[in-house]
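Chemist: The following comprises the amino acid sequence and a computationally predicted model.
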Amino acid sequence: MADTEPVAIVELGVDDAAAGLALSTEARWNQNEADWRFFLTNGIVFGVRDGTHLVATAALLPYSAGNAWISMVLVTERWRRRGIATRLVDACLDAARQRGLTTWLDATPAGATVYGPLGFTPTLQLRRLRFEHPAHEAPAMLANSDVGALSARDRRAMGFERNALLAEFGARTGSRILSHGSAMALTRDGRTARQIGPLVADNATDALALVDAISRTETGPLLIDAIASQETFIAGLTGAGWSIERPFQRMRFGRATTQSEELPFAVAGPEFG
């Protein structure tokens, strides 16, 4: 298809989970099929097809209190630089506008240069860190927690509730909700690494102790998307062997509808907020 030819944007269904996973795998993202199924079941996912082949996507995931997340903006390599991603984001914004939703997203540096001209304004920044080889040097002092307690704390950190998301995460095979001192976090499977987050705590000492304890119970790579302004926490992670992979810029389109009561130490992931 030439750049000037029209592109048909369609709404996707749960049967497109495997095709969506193929796109995020091509981009080397960490989402698994369960993540895609959540988006396709609970959100509005737009796509572009080349015949029967899915070549681009973007998702709008509504939350509570008039908020929604835009993510999974993906275009396969040979279809890039045709304005398709912008059109898909516009479709998400139109859907949000019809529903009266304020939209958020976590953008890569390259993405932020695209979303700014569309009307998104920057808020906080994230740093993705990776821990490649957890070591079992000592027993982990961890307590199991429940999704209700995590959801209540997450609502204070986000300013709105995401009970359905956290309940679905917590119910997945291999997921754990753990606490240590004042800190609490969810750990779940990803395609290439286990993800820690959201992580909430009263202080960096407890947050670091929880991450350390979790790492002692894991056998494979770990990812965490930390709030950049939590500098003591990030310094503690890098000092313990975590490496910073990339930054993300959180951005908002529209007015803020709620106010958070505390700053988390790590988020659920750039695709979920």
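Modeler: Yep, that arrived. Bear in mind that the values here come from a model prediction, so they are computed numbers and not experimental data.
Chemist: is Arg128 in a bridge, and if so with what?
Modeler: Beta-bridge partners for Arg128, by DSSP bridges, are Asp225, Arg246.
Chemist: May I have the predicted confidence score for it?
Modeler: pLDDT, Arg128: 98.
Chemist: so what's it up against?
Modeler: Applying Cβ atoms under 8 Å, 6 or more residues apart in numbering to Arg128 gives the contacts Leu223, Ile224, Asp225, Ala226, Ile244, Glu245, Arg246, Pro247, Phe248, Pro270. Where you see a C-beta, it was placed from the backbone N, CA and C, and this is true even at glycine.
Chemist: Tell me the one of those residues nearest Gly119?
Modeler: Nearest to Gly119, judged by Cβ to Cβ, of these is Phe248 at 18.7 Å.
Chemist: and that closest one, how many residues sit next to it?
Modeler: Residues near Phe248, counting by other Cβ atoms under 10 Å, number 22.
Chemist: my guess is it is in a strand, correct?
Modeler: Yes. Phe248 sits within a strand when classified using DSSP: H, G, I helix; E, B strand; the rest coil.
Chemist: Contact partners for it?
Modeler: With Cβ under 8 Å, 6+ apart, Phe248 has these contacts: Asp106, Ala107, Thr108, Gln125, Leu126, Arg127, Arg128, Asp225, Pro270.
Chemist: From these, keep the buried residues only.
Modeler: Buried by 16 or more other Cβ atoms under 10 Å: Asp106, Ala107, Leu126, Arg127, Arg128, Asp225, Pro270, out of these.
Chemist: Among those residues, which pair sits farthest apart?
Modeler: Largest separation among the buried ones among the contacts of Phe248 by Cβ to Cβ: Ala107 and Arg127, giving 13.8 Å.
Chemist: related to what we said a few turns ago, among the contacts of Arg128, the buried ones, what's the PyMOL command?
Modeler: Only the buried entries of these go into this PyMOL selection, using 16+ other Cβ under 10 Å:
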select buried, resi 223+224+225+226+248+270
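Chemist: what's the lengthiest helix in the chain packed up against?
Modeler: Secondary structure of the chain per DSSP state H: the longest helix is helix 84-99. Secondary-structure packing of helix 84-99 (3 or more Cβ pairs under 8 Å, 6 or more residues apart in numbering; DSSP states H and E): strand 9-11, strand 44-50, strand 53-62, strand 67-75, strand 102-107, helix 109-118.
Chemist: Show me what counts as buried in the second one.
Modeler: I take that to be strand 44-50. For strand 44-50, a neighbour-count test (16+ other Cβ under 10 Å) marks Ile44, Val45, Phe46, Gly47, Val48, Arg49 as buried.
Chemist: just to revisit the earlier point, could you look over the helices and strands packed on helix 84-99 and pick the most buried one?
Modeler: Burial of those is given as mean neighbour count (mean count of other Cβ atoms under 10 Å); strand 67-75 ranks first at a mean of 25.
Chemist: Give me the distance from it to the chain's centre.
Modeler: Put simply, strand 67-75 sits 9 Å off its chain's centre (Cα atoms, centre = their mean, to the nearest Å).
Chemist: Just name the shakiest helix or strand of this protein by mean pLDDT.
Modeler: Within the chain, no helix or strand scores below strand 143-144, which has a mean of 74 by mean pLDDT, DSSP states H and E.
Chemist: Quick check: what element follows it along the chain?
Modeler: Sequence-wise, the next helix or strand downstream of strand 143-144 (DSSP states H and E) is helix 147-158.
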